[in-house]
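# got a predicted model here, sequence first, then my questions.
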Amino acid sequence: MPYVTVKMLEGRTDDQKRALVEKVTAAVTETTGATADKVTVFIEEMPKNHYAVGGVRLSDQ
């Protein structure tokens, strides 16, 4: 039972997330042989003030 976690900054539309889940599921089924009903995809969205690069939060750029 494959589990996939996608971590990304918030701001994507429901349509974009739906397409992401569909394509990730397809990639996992093609590469592992698992059936789509066994693939679980988690989307974890982070606000820009919870993410920093080089000591600077993205919300401060």
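Right, received. Where do you want to start?

# wait, is residue 37 part of a helix?
Yes. The assignment for residue 37 by DSSP: H, G, I helix; E, B strand; the rest coil puts it in a helix.

# now it: how far from residue 2?
In this view, residue 37 and residue 2 are 11 Å apart by C-beta to C-beta, to the nearest Å. All C-beta spots, glycine's among them, are computed from the backbone N, C-alpha and C.

# the more surrounded of those two?
Set residue 37 next to residue 2 and count neighbours by other C-beta atoms under 10 Å: residue 2 wins out with 15 against 9.

# list the contacts of the more buried one.
28, 32, 34, 38, 39, 40 (C-beta atoms under 8 Å, 6 or more residues apart in numbering).

# swap in 10 Å and give it another go.
Residue 2 is in contact with 24, 25, 28, 29, 31, 32, 33, 34, 38, 39, 40, 41, counting by C-beta atoms under 10 Å, 6 or more residues apart in numbering.

# follow-up on the earlier one: which neighbours do residue 37 and residue 2 share?
Residues touching both residue 37 and residue 2 by C-beta under 10 Å, 6+ apart: 25, 29.

# circling back: show me which of the contacts of residue 2 are buried.
For the contacts of residue 2, a burial check counting by 16 or more other C-beta atoms under 10 Å picks out 24, 25, 28, 29, 39, 41.
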